[in-house]
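Participant: Okay, sequence plus prediction incoming.
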Amino acid sequence: MKENSYIQIKDYFENLVLQSNFLNNFVGFFEREWKSKQAKLGGLKAPVLALFKYDVGFDGPEQNSIAVRKIGFAVMFNKIPSGDFQAQYNAIYEAEKLAIKVLSRMWIDSHNQDHFLYNSFLKDSVEIKPVELSSSDFGVDVIFNLKNKQILKVDTADWKDLDHICS
């Protein structure tokens with residue numbers, strides 16, 4: 001089990017989009033990035049993978065803690081006519097299929113000992129839900145957990161009031 005970080009997660013998903021034959025754009029964690037890329041000439045080309053959630057919690061005894069990261073991404077189709085409900089349902093259906101492809105790739109990467117996701121992807125934590133971002137943006141939200149070692153060790157150089165730490 002290896003440590004990972006916010007930047008590694010963002011870079012990993014951005015690279016997944018570049019390496020895939022089925023995703024066209026990547027958007028990071030910020031809503032303003034979605035708006036900025038959508039406003040550019042040509043806008044976002046669907047399907048889009050967008051990160052939207054990153055939370056960290058801790059589990060485990062003493063300093064040998066496990067960080068449990070809750071990650072959320074969406075696979076979105078845009079420019080769906082607001083009155084065409086069948087097209088909206090189809091966008092959600094297609095987005096779910098693509099999200100499962102991404103999850104399948106993550107599953108493979110989590111079994112590669114050289115990958116930072118090694119042994120960290122908790123597939124039992126996956127939740128996929130339909131999402132309507134606007135009257136023309138439809139897809140699915142995917143939420144899952146990663147577990148990684150995260151040592152909670154105090155460095156005395158970081159604190160003025162600590163002379164020493166008992167291990």
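Facilitator: Nice, thanks for sending it over.

Participant: Who are the packing partners of the lowest-mean-pLDDT helix or strand in the chain?
Facilitator: Least confident helix or strand, the chain: helix 31-39 with a mean of 76, by mean pLDDT, DSSP states H and E. For helix 31-39, the contact count by 3 or more C-beta pairs under 8 Å, 6 or more residues apart in numbering; DSSP states H and E identifies strand 25-27 as packing neighbours. Any C-beta I mention is one placed from the backbone N, CA and C, and that applies to glycine too.

Participant: List of residues touching the strand it packs on?
Facilitator: The contact list for strand 25-27, computed with C-beta atoms under 8 Å, 6 or more residues apart in numbering, reads 13-14, 17-18, 33-34, 37, 44-51.

Participant: Each with direction, which strands does that strand pair with?
Facilitator: Within its sheet, and counting by DSSP bridges, strand 25-27 is paired with strand 48-59 (parallel).

Participant: who touches the partner strand?
Facilitator: Under C-beta under 8 Å, 6+ apart, the answer for strand 48-59 is 6, 9-10, 13, 16-17, 23-29, 34, 65-78, 102, 139, 141, 143, 147, 150, 152.

Participant: and the angle for the helix or strand just after that strand with helix 31-39?
Facilitator: The helix or strand immediately downstream of strand 48-59 is strand 66-77, counting by DSSP states H and E. Interaxial angle of strand 66-77 relative to helix 31-39 (axes from the mean of the first three to the mean of the last three C-alpha atoms, to 10 degrees): 20 degrees.

Participant: and the next element down the chain from strand 66-77?
Facilitator: Next along the chain after strand 66-77, taking DSSP H and E as the criterion, comes helix 85-109.

Participant: Okay, buried residues for the least confident helix or strand of the chain please.
Facilitator: Trp34, Lys37, Gln38 (16 or more other C-beta atoms under 10 Å).

Participant: chain center to it, what's the gap?
Facilitator: Here the centre of helix 31-39 is set off from its chain's centre by 17 Å, with C-alpha atoms, centre = their mean, to the nearest Å.

Participant: Contacts for that helix next, please.
Facilitator: With C-beta under 8 Å, 6+ apart as the test, helix 31-39 has contacts from Asn25, Val27, Gly43, Leu44, Ala50, Asn78.

Participant: Quick check: of these, which has the highest neighbour count?
Facilitator: Compared across these, Ala50 has the highest neighbour count, 26 neighbours, by other C-beta atoms under 10 Å.

Participant: So which elements touch the helix or strand that contains Gly139?
Facilitator: Per DSSP H and E, Gly139 falls inside strand 138-149. Counting contacts by 3+ C-beta pairs under 8 Å, 6+ apart, strand 138-149 packs against strand 48-59, strand 66-77, helix 85-109, strand 121-132.
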